[in-house]
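>>> Here is the input, now give the coordinates:
(chains A and B)
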Amino acid sequence: MGMKFVVLVVIVLAVIAIAQIMRVYELSSKIRGSREEDIDLRVNNINASLMMVFLIIFFGSFLWMWSTYGNGMLPEPASEVGVEIHWLFNVNWVIVIAIFFLTNGLLFVFAWKYSYHPDRKAHWFPHDNKLEMIWTVVPAAVLAVIIILGLMTWNQATGPASDDAVVVELYAKQFDWTVRYSGDDNKLGYADYKLVGSAEDKNSGDSYANPLGLVTDNSVRWRVLGLNNEISALDANIRKEANDSVAYSQANLNKMIAKVEKLERIRERVLDMTGMFGDSINSFAEDDFLTRELCMIVDQEYFFVLRSRDVLHSAYFPHFRAQMNCVPGQRTSLKIKPIFTTAEMRKKVDNPDFNYVLMCNKICGVSHSNMKMAVTVVETQEEFDSWKNGPLATNAINDSIVAPANIDTERMEWPEAAHHDEHGDDHHDDDENHEGEDHDDSHGH
Amino acid sequence: MSAAAHTDHGHHHKESFITKYIFSQDHKMIGKQFLITAIFMAVVAVILSVLFRIQLAWPGESNSVLSFFLGDTWAPEGILDRGMYLGLVTIHGTIMVFFVLTGGLSGTFSNLLIPLQCGARDMASGMLNMISYWLFLLSSILMLYSLFLETGPASAGWTVYPPLSVYEEAIPGSGAGMTMWLLSMTIFVASSLLGSLNYIVTVLNLRTKGMKMTRLPLTIWAFFVTAVLGVLSFPVLVSAVVLMLMDRTLGTSFYVNDTIIAGEVLEQSGGSPVLFEHLFWFLGHPEVYIVLLPALGLTSEIVSTNARKPIFGYRAMIGSILAIGFLSFIVWGHHMFISGMNPFLGGVFVFTTLLIAIPSAIKVFNYITTLWRGNIKYTPAMLFSIGLVSSFITGGVTGIILADSALDIAVHDTYFVVAHFHVVMGLSAIFGMFAGVYHWFPKMYGKMMNAKLGMVHFWLTLVSAYGVFFPMHFVGIGGAPRRYYDYSVYEGFDSNQFDMIMDLNVVISIFAIIGALAQAIFLFNFFYSTFKGQKAVQNPWKGNSLEWTTPVEHMHGNWPGEIPEVHRWPYDYSKPGAAEDYIPQTVPLAEGEEEH
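Alright, predicted model coming up:
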């Protein structure tokens, strides 16, 4: 507090001192009879010269920074589309820098050249249709070129991936990434956010984890078990209150009851998923595997399907000049074909520690700036296979752990059962359509 | 004096202290109230930016400035809290965009100049105008109050994208802080709408005799189109805000879909965060021009007056203001190229966005041609106007890069974007605001600001502003995402890049601190001149427009006698055949004189 007081006193004293100096200045100008709006030719010329000085420093520092940093701040693009974007960037830079120099140059040169002189009168020049036509048509023509080139690259970057592209999922959540490779069938198994979680069978001690919410008949049964466990735990707590063994506040009790009801509703929706998909579809997930690192093979195209568990994220690969948002409840996509391996890139940037990186580039919470993943590009399929068989990759879903047979999958008895049944059929249809759309999306390429 | 004119004088009743200075319905006083409030908000926002710039240049280091302002709660041992970093960024952006450059700029100068330059006794509704200010003050107070909440202010970025802004469990600032933000913004929009409606009605209905639309100063044209943009786009923000409030409190799912927050599976399903982005940017992009157009309008007037030359291409200038206003409604998607929106739609937005470059280019070339063979007087206002044209160019050309969706993939949400919009919108608008304050200070306070201090203020501001934002482009091209607490992410991947980002960040922060300190010169000059400045004369800059025909002293009703009649456009500077180098709008055309 003492420190703050001292700072405050110093500021107040400084302001008073300056005010006194100003007072002296004002008095002296009053004696001289000069007014603030009067133009002092000497000062006016200084300002005009400063326009020129500024222009030189401005352009000079730009050129210096361009030569020091320029486009070279990021190493050369390491993906096929990245090369196109980089080329387009350079074309645009030429145009943009030319306009920048021309217009800023004219502005400051005129500002310097036509500074006030009492003997001169400004040139009466209110408009000129020809000139105005020129600076309407010329920019329009230049922009047409920019638009056409831009859209060509845009279509290339967002167009369909080739048939042999490897399908990979990037799953974002606060604050990490998970990669799901589609495995040998090159098809991602279906996923649903309601299945995310883990469950433990208390009888056998088996436990089952489904971090990405993949859909198989088995995973649905495990999820029902997990929800049953949660519900019965809450139920037990509520019963304790009923038996007067624990005293909860009414608010707490209401909260628990609401949660049970919610879990029951979710369970209902999960149960709707059983038997919805045939065996062939459910087998897509069996060969999927998860890793915490992304490994790609050079010159192989990858088609990424992006998902988010919680908030918006953005998959940003600066070195591949690739970026796309991850939107909760929606699947977005991105394609990358790396053209340099990590080893090649290390040589290019002359840095043995260089690594490609995937970052999050949409504000996603307190640790947003820590959300990253290592990316490696290898030369051959063999290298990839040995990486895959290493410690990093795990099965996306371990369906060899079969859900116990005695899971209670009976629908809950709802107090307003009659009411529920009335609309039951419609509701069911809606759900089915909804799920169907979701799944089409994941194979939209 | 005719009877009709006499009823006009009904305004001339005696004003008490309260009705003159506090609950004033006089447009000039309300303009000043907006200005003072905006200056205060700007000081807060600048301090916030200095705080996070300190973190960015010297990440994780203990700093006594941080502990001075943030205390142990948000800067334990002088190290900035991660959550508060995002809070600072969010509130800095919100205050600057809405409270300083929208409320402050339009509120001050539309209020001050629309009646004065149109030749009206006051705004169409003094009461609505007064309510508009008091709502603005209320929303400002709520926004500032949110900084003192236990869980911190809103911290999901000034764009408040859901679901991050919906769930307290996703980020602490989305609790009470976000509620406060939404409340404050709703009130702010109400204020802005009352103001805008008033401006539109006044411009359309209360122009004095002879003041055709094609004789209006460009300032009024800019304010008019700005107000129309505000009326059409701000309600969309309110609806976006109300839907978000419902998602937060009533469990609806307009913006949320299939999410798991803090391990809990939520039932809200079927909405889309992308919907919010559409609604937000449907306001958000016109908002850029709501900020920019008034500044360009002020500059048009100041450049012409001080170059002693008519503004070049008056009708083209009006045309480009209208074109920019129209186009600003069909370009919002360029903020969403990589949001998951259909790429074809992205292509359409590339086209419409780049079209805006044409009217912008026309404006720039017209300003430059106005300077050509002029007789330029360097008042502080003129200096800032030239600064504005420069920043409008420099920020505008990088817009060409960002409007190109293919290039946007590479630089979206990096510091390149931050640099771009700060230069084109932030700097241009704030330069325009400074220019306006220096130029119309005599009209507001009847005093002159010190010109020499103004010049020092300008040069320091110009150099430090470019010093901040020029290197920032390179940081962005170098792949530095915005809203990052630090760049340690690069340390383990590419140490070269990390070093470059850090070097430039230090340079940027030093310039930011210099630039912030330089504003003290302005503050001192402003408040000193208010009380002790040299007494102004009626028409210090030898201007043509109507406000320079009113008395120097504050007067409710603006003109003591009848409102003057207008006979010509406001840009008859250095007209051949005239004795003086200016002819006020009230001077009738001489025999055989062409209008222009």
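>>> I figured A:Thr409 was touching A:Met273, is that so?
No. Using C-beta atoms under 8 Å, A:Thr409 makes no contact with A:Met273, being 11.4 Å away. Yep, even glycine has a C-beta here, placed from its N, CA and C like the rest.
>>> Between these two, point out the one with more neighbours.
More neighbours surround A:Met273 than the other of A:Thr409 and A:Met273, with 21 against 14 (other C-beta atoms under 10 Å in any protein chain shown).
>>> Can you spell out the domain ranges of chain A, please?
Chain A resolves into domains spanning A:38-116+A:128-159, A:189-284+A:404-442, A:288-379 when parsed by automatic domain parsing.
>>> quick one: which of these is nearest B:Tyr85?
domain A:288-379 (8.7 Å; C-beta to C-beta).
>>> looking only at pLDDT, what's the mean for the closest one?
Per-residue pLDDT values across domain A:288-379 average out to 95.
>>> how far does it stretch from start to finish?
End-to-end distance of domain A:288-379: 22 Å, with C-alpha to C-alpha, to the nearest Å as the criterion.
>>> So the residue in chain B positioned nearest to chain A: helix, strand or coil?
Proximity of chain B to chain A (C-beta to the nearest C-beta) peaks at B:Asn257, 2.8 Å away. Secondary structure, DSSP: H, G, I helix; E, B strand; the rest coil: B:Asn257 is coil.
>>> ok so, going back, okay if I get the domains of chain A as TSV plus distance to B:Ala38?
TSV is the format used below for the domains of chain A (distance: least, C-beta to C-beta, whole Å):
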stretch	distance to B:Ala38
domain A:38-116+A:128-159	27
domain A:189-284+A:404-442	43
domain A:288-379	27
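>>> looking at the ones you listed, which is buried most?
Most buried of the domains of chain A, by mean neighbour count (mean count of other C-beta atoms under 10 Å in any protein chain shown): domain A:288-379, with a mean of 22.
>>> do that domain and chain B meet at all?
Yes. Using C-beta under 8 Å from any C-beta of the partner chain, domain A:288-379 comes into contact with chain B via A:309-312, A:314, A:316, A:318-319, A:321-325, A:327-330, A:332, A:349, A:351, A:353-357, A:359-370, A:372, A:374.
>>> Out of the domains of chain A, which gets nearest to B:His473?
Nearest to B:His473 among the domains of chain A is domain A:38-116+A:128-159; the distance by C-beta to C-beta comes to 8.7 Å.
>>> what about that closest one, how long is it end to end?
Using C-alpha to C-alpha, the two ends of domain A:38-116+A:128-159 sit 63 Å apart.
>>> now it, how far from the centre of its chain.
Domain A:38-116+A:128-159 sits 29 Å away from the centroid of its parent chain (C-alpha atoms, centre = their mean, to the nearest Å).
>>> can you check stretch A:109-118 too?
Stretch A:109-118 sits 49 Å away from the centroid of its parent chain (C-alpha atoms, centre = their mean).
>>> could you give the mean pLDDT of that stretch?
Here the average pLDDT along stretch A:109-118 is 95.
>>> all helices of the stretch 1-150 of chain A, in order?
Under the criterion DSSP state H, counting those that start in this stretch, the stretch 1-150 of chain A contains helices at A:2-32, A:41-68, A:80-113, A:129-158.
>>> Okay, angle between the shortest one and helix A:80-113 too, please.
In this structure, helix A:41-68 runs at an angle of 160 degrees to helix A:80-113, with axes from the mean of the first three to the mean of the last three C-alpha atoms, to 10 degrees as the basis.
>>> And helix A:41-68, what does it pack against?
helix A:80-113, helix B:451-477 (3 or more C-beta pairs under 8 Å, 6 or more residues apart in numbering or on different chains; DSSP states H and E).
>>> want to throw those helices into TSV with distance to B:Gly492?
As requested, the helices and strands packed on helix A:41-68 are exported to TSV (distance: least, C-beta to C-beta, whole Å):
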stretch	distance to B:Gly492
helix A:80-113	22
helix B:451-477	19
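>>> Indicate which one of these is closest to B:Phe99.
Comparing those by C-beta to C-beta, helix B:451-477 comes nearest, at 19.8 Å.
>>> And for A:His117, the neighbour number?
Close neighbours of A:His117, defined as other C-beta under 10 Å, add up to 13.
>>> Report how many residues lie close to the residue nearest to it when sequence neighbours are not counted.
Nearest in space to A:His117, with sequence neighbours left out and distances taken as C-beta to C-beta, 6 or more residues apart in numbering or on different chains, is B:Asn375 at 6.8 Å. Neighbour count for B:Asn375, taken as other C-beta under 10 Å: 21.
>>> Contacts only, for B:Asn375.
Residues in contact with B:Asn375 (C-beta atoms under 8 Å, 6 or more residues apart in numbering or on different chains) are A:Tyr114, A:Tyr116, A:His117, A:Arg120, A:Lys121, A:Ala122, B:Ala307, B:Arg308, B:Lys309, B:Ser574, B:Asp581.
>>> what does B:Phe223 give?
Taking C-beta under 8 Å, 6+ apart, one finds B:Ser106, B:Phe109, B:Ser110, B:Leu113, B:Ile114, B:Tyr199, B:Val203, B:Leu293, B:Pro294, B:Gly297 in contact with B:Phe223.
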